[in-house]
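Undergrad: Show me the folded form of this:
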Amino acid sequence: LPGGETRTFLEDGDEVVISATAPGPGGARIGMGEVRGTVVPG
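TA: Numbers count the residues shown, from 1 in each chain. The predicted structure follows:
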């Protein structure tokens with residue numbers, strides 16, 4: 001968040017980015033990619 005703001009909730013216009021990895025063979029990491037979404041008024 002800009003200016004170091006901290007919140008425990010999402011607001012309209014916030015963008016959420018989720019990415020993940022998983023353990024792979026021989027200790028490697030497998031990337032699961034990234035998904036992005038923007039919170040819109042409901």
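
Undergrad: D14: neighbour count?
TA: 13 (other C-beta atoms under 10 Å). The way it works is simple: take the backbone N, C-alpha and C, and place the C-beta from them, glycine included.

Undergrad: V39 is in contact with that one, correct?
TA: Yes: assessed by C-beta atoms under 8 Å, D14 is found in contact with V39 at 4.7 Å.

Undergrad: mind checking which helix or strand A22 is in?
TA: According to DSSP states H and E, A22 maps onto strand 15-23.

Undergrad: Mind listing the strands that strand pairs with, and their directions?
TA: Strand 15-23 has its sheet partners listed here by DSSP bridges as strand 29-38 (antiparallel).

Undergrad: What values do phi and psi take at the residue lying farthest from the centre of the chain?
TA: Using C-alpha atoms, centre = their mean, the residue of the chain lying farthest from its centre is G26. It sits 26.8 Å away. Here is the backbone geometry of G26 (degrees, to the nearest 10): phi 70, psi 20.

Undergrad: quick one: contacts for it?
TA: By C-beta atoms under 8 Å, 6 or more residues apart in numbering, G26 lies in contact with nothing.

Undergrad: same question, G42
TA: So G42 contacts nothing (C-beta under 8 Å, 6+ apart).
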